[in-house]
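Engineer: take a look and give me a structure for this.
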Amino acid sequence: MNLAKRFAQNPLLTPADLAPSQPGLQIECLLNPGVFRFDGKIYLLVRVAERPEQKPGKVSFPVMENGAVKILEFDANDPDLNTSDPREFKYKGEAYLSTLSHLRLLSSDDGIHFYDTGFSLFGEGDHEAFGIEDCRVATMDDGLFVLTYTAVSRNGYGVGLRTTRDWETFEHHGMVISPANKDCAIFEEKMGGKYLCLNRPSGVIVGGHYMWLSESSDLIHWGSHRCLARPRPGMWDSERIGCGAAPIKTDQGWLEIYHGCDAQNRYCLGAMLLDLDDPFRVLARSSDPIMEPQEEYEQNGFFGQVVFTNGHIMNGDELTVFYGAADRVICAAEVSISDILKSLER
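Structural biologist: Residues are numbered from 1 along each chain as shown. Okay, the predicted model is just below:
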């Protein structure tokens, strides 16, 4: 099933459309933007993944050190170097990312043509030394924008948090959920005086890549953790699942667009419906994806067979989903919220 209607202009953004953050680096991928409206415009907070231009016989990748980019370079035939996964390299058992990501702010008047604002957010401190990734933007009723993103370092993936009201000044709250955790989306209104967030801790020996729901009184300290949903054997989301953007409030419940993948690492989008008064209770879920990789730009790229979303905008029943395709380019598609609700298996 594919309920989504892709934009004819896809891909909306490719690596060639943006300039690298500094000389000596090249943009390898654009991925999974956070999305919001501000001052009458649509904004994307795009993950920009960069690496040095590769030299023959060498493998190099960047890290942040003392606020500056440092390039690590190794011989390609070094027996201690493992590059079997294009996203993650290992040297003498230590894991590194092949690229360093930051968040680039782009604006648009029409939701199709986007322009670089010249503003970026970069990793800060030891917990973000390998970059910041996959931001979700929650717009709260009081005008506060809450940015949750994946903070990466040699110590693992955790959830970082920054807040702003004007997109000029930011408060950096550091890592608010420790590794291994990512895919964090904040509900855009409080319930019972508490903030809620979806997140995805990763089990190693027991457990797995499940979706959890947590509570907080201040956005910083999170507790009351409960497992909300798990992968389903034999289905499109059999291997791992994780949330997309902030849940959408409907008269039937909180609608969450989420990603799931199977054992072949094929990433699709589905949805689940959470109870309005008790969002720890799942009412319904997609038995089939609402969107799956079928276009060439979704099947082939840096890491193929991927559609992955962190952000959307609403216009009545119409939901515009902005998504990363094949870990390479940024695209968009429209889908009816009522059609999604009708498709769910109760």
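
Engineer: residues touching residue 222, list them.
Structural biologist: 176-177, 197, 199, 214-216 (Cβ atoms under 8 Å, 6 or more residues apart in numbering). (Glycine included, C-beta is placed from N, CA and C.)

Engineer: beta-bridge partners for it, please?
Structural biologist: Note on residue 222: beta-bridge partners residue 216, judged by DSSP bridges.

Engineer: quick one: it from residue 180, how far?
Structural biologist: 15 Å (Cβ to Cβ, to the nearest Å).

Engineer: in TSV: the contacts of residue 222, plus secondary structure.
Structural biologist: Shown next, in TSV, are these (DSSP: H, G, I helix; E, B strand; the rest coil):
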residue	secondary structure
176	strand
177	strand
197	strand
199	strand
214	strand
215	strand
216	strand
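
Engineer: quick one: the helices in this structure?
Structural biologist: All helices of the chain, identified by DSSP state H, fall at 296-299, 337-343.

Engineer: winner for burial among the ones you listed?
Structural biologist: helix 296-299 (a mean of 17; mean count of other Cβ atoms under 10 Å).

Engineer: so what secondary structure elements neighbour that helix?
Structural biologist: strand 329-336 (3 or more Cβ pairs under 8 Å, 6 or more residues apart in numbering; DSSP states H and E).

Engineer: mind giving me the packing neighbours of the strand it packs on?
Structural biologist: Strand 329-336 sits against strand 5-6, strand 25-38, helix 296-299, strand 318-325, with contacts defined as 3+ Cβ pairs under 8 Å, 6+ apart.

Engineer: can you rerun that using 6 Å?
Structural biologist: Secondary-structure packing of strand 329-336 (3 or more Cβ pairs under 6 Å, 6 or more residues apart in numbering; DSSP states H and E): strand 318-325.

Engineer: which secondary structure elements does the strand it packs on contact?
Structural biologist: strand 25-38, strand 307-315, strand 329-336.

Engineer: any idea how far residue 279 is from residue 79?
Structural biologist: Residue 279 is 50 Å from residue 79, by Cβ to Cβ.

Engineer: nope, residue 144 is what I was after
Structural biologist: 51 Å.

Engineer: between these two, who's got more neighbours?
Structural biologist: Shown here are residue 144 and residue 79; by other Cβ atoms under 10 Å, residue 144 has more neighbours (13 against 7).

Engineer: residue contacts, the more buried one?
Structural biologist: 163, 165 (Cβ atoms under 6 Å, 6 or more residues apart in numbering).

Engineer: run the last query once more with 8 Å
Structural biologist: Listed by Cβ under 8 Å, 6+ apart, the contact partners of residue 144 are 163-165.

Engineer: out of these, which sit inside strands?
Structural biologist: Of the contacts of residue 144, the ones assigned to strands by DSSP state E are 163-164.

Engineer: closest one to residue 334 out of the contacts of residue 144, please.
Structural biologist: Set against residue 334, the nearest of the contacts of residue 144 by Cβ to Cβ is residue 164 (28.3 Å).

Engineer: spatially nearest residue to that closest one (excluding sequence neighbours)?
Structural biologist: Spatial nearest neighbour of residue 164, chain neighbours left out: residue 170 (4.7 Å); criterion: Cβ to Cβ, 6 or more residues apart in numbering.

Engineer: the one you found contacts residue 121, doesn't it?
Structural biologist: Yes: in terms of Cβ atoms under 8 Å, residue 170 counts as a neighbour of residue 121; the distance is 7.4 Å.

Engineer: shared neighbours, the two?
Structural biologist: The contact sets of residue 170 and residue 121 overlap at 147, 162 (Cβ under 8 Å, 6+ apart).

Engineer: just want the most central residue of this structure.
Structural biologist: In the chain, the residue lying closest to the centroid (Cα atoms, centre = their mean) is residue 134, at 3.2 Å.

Engineer: quick one, what contacts it?
Structural biologist: 31-32, 47, 149-150, 182-183, 310.

Engineer: please apply the same query to residue 132.
Structural biologist: Counted by Cβ under 8 Å, 6+ apart, residue 132 has contacts 101-103, 121-123, 149-152, 160.
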